[in-house]
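Novice: need a structure here:
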Amino acid sequence: MTSRARAAAAGAAAATVWGLLEPLDQRLFRCDYSDIALLGKAVTRGPGWRPLGFAIHPANRAVFGLAYGRLRRSS
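Specialist: Numbering: from 1, shown residues only. The predicted structure is shown next:
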């Protein structure tokens, strides 16, 4: 696996874990903020916002992982 693929996979995996743990964080810290809701509702207000948010969040973090990997290699 190339370093770019590893960086993208790491970003997507981290976002997936974060999304799965987000309800626990919301209960623990008594906060209703949600990255999944923010991203999903930016695309649609209908009942499909949650699956869209879960799809967008890892994709967004995969891009971030690629950018981080690129910056890391250049420094």
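Novice: lowest-pLDDT helix or strand in the chain?
Specialist: helix 49-74 (a mean of 90; mean pLDDT, DSSP states H and E).
Novice: give me the buried positions along that one.
Specialist: 49, 52-54, 56-58, 61-62, 64-66, 69 (16 or more other CB atoms under 10 Å). Quick note: C-beta positions are derived from backbone N, CA and C, even for glycine.
Novice: for it, the distance to its chain's centre please.
Specialist: 6 Å (CA atoms, centre = their mean, to the nearest Å).
Novice: and if you look at stretch 31-50?
Specialist: 12 Å.
Novice: what's that stretch in contact with?
Specialist: W18, G19, E22, D25, Q26, P51, L52, G53, F54, I56, H57, N60 (CB atoms under 8 Å, 6 or more residues apart in numbering).
Novice: pLDDT score for the second one?
Specialist: At G19, the pLDDT value in this model is 93.
Novice: in this structure it contacts I56, no?
Specialist: No. G19 is not in contact with I56 according to CB atoms under 8 Å; the separation is 10.1 Å.
Novice: what's the neighbour count on A42?
Specialist: Using other CB atoms under 10 Å, A42 has 12 other residues around it.
Novice: can you classify it as helix, strand or coil?
Specialist: Under the three-state scheme (DSSP: H, G, I helix; E, B strand; the rest coil), A42 adopts helix.
Novice: what separation do you get for it and A9?
Specialist: 24 Å (CB to CB, to the nearest Å).
Novice: one more: A62?
Specialist: 7 Å.
Novice: got it, and I56?
Specialist: If you go by CB to CB, the gap between I56 and A9 works out to 17 Å.
Novice: what's the answer for S75, then?
Specialist: Distance from S75 to A9, by CB to CB: 21 Å.
Novice: of those two, which one has the most company?
Specialist: A9 (14 against 4).
Novice: which stretch of helix or strand covers the more buried one?
Specialist: Counting by DSSP states H and E, the element that carries A9 is helix 3-29.
Novice: what is the orientation angle of that helix with helix 49-74?
Specialist: Interaxial angle of helix 3-29 relative to helix 49-74 (axes from the mean of the first three to the mean of the last three CA atoms, to 10 degrees): 130 degrees.
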